[in-house]
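S.K.: Need coordinates for the following:
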Amino acid sequence: MIGSDWPICLNGSSYDEAVGLVRTTLASARSPSVESAVFGRNAARFYGLEAGEHD
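M.R.: Residues are numbered from 1 along each chain as shown. Below is the predicted model:
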């Protein structure tokens, strides 16, 4: 879940750099479903949001 360490991630980089690092790391997985989970679906499930409610 991206951002779950907010604002601690800012101790070592900017938010854009942190997101870029996660995107680069996920690129090796070559899985749109993994990227979708990390950038939103996991948070939606954790917080009990309906699909599309977090868009």
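
S.K.: Now do the same for V19: helix, strand or coil?
M.R.: Judged by DSSP: H, G, I helix; E, B strand; the rest coil, the three-state class of V19 is helix.

S.K.: That one touches I2, doesn't it?
M.R.: Yes: with contact defined as CB atoms under 8 Å, V19 counts as touching I2 (6.7 Å). Using the backbone N, CA and C atoms, a C-beta is placed for each residue, glycine as well.

S.K.: okay, these two: which has more neighbours?
M.R.: Just comparing V19 and I2: by other CB atoms under 10 Å the higher neighbour count belongs to I2, 19 against 15.

S.K.: what about the helices in the chain?
M.R.: Listed in chain order, the helices found in the chain under DSSP state H are 15-27, 32-36, 42-47.

S.K.: okay, now the residue nearest to L26 when sequence neighbours are not counted: neighbour count?
M.R.: Nearest in space to L26, with sequence neighbours left out and distances taken as CB to CB, 6 or more residues apart in numbering, is E35 at 5.0 Å. As a burial measure, the neighbour count of E35 was computed by other CB under 10 Å and equals 17.

S.K.: Also L10?
M.R.: The number of residues packed near L10 is 12, by other CB under 10 Å.

S.K.: which residues touch G12?
M.R.: Taking CB atoms under 8 Å, 6 or more residues apart in numbering as the criterion, G12 is in contact with no other residue.

S.K.: shift numbering so it begins at 88
M.R.: New numbering, starting at 88: the last item is G99.

S.K.: got a pLDDT number for it?
M.R.: G99 is assigned a pLDDT of 82 by the prediction.

S.K.: swap in the one 3 residues further on?
M.R.: For Y102, the model assigns a pLDDT of 85.

S.K.: ok, for it, nearest residue in space, not its chain neighbours?
M.R.: Y102 sits nearest to C96 (CB to CB, 6+ apart), 7.1 Å away.

S.K.: And for that neighbour, the neighbour number?
M.R.: By other CB under 10 Å, 18 other residues sit near C96.
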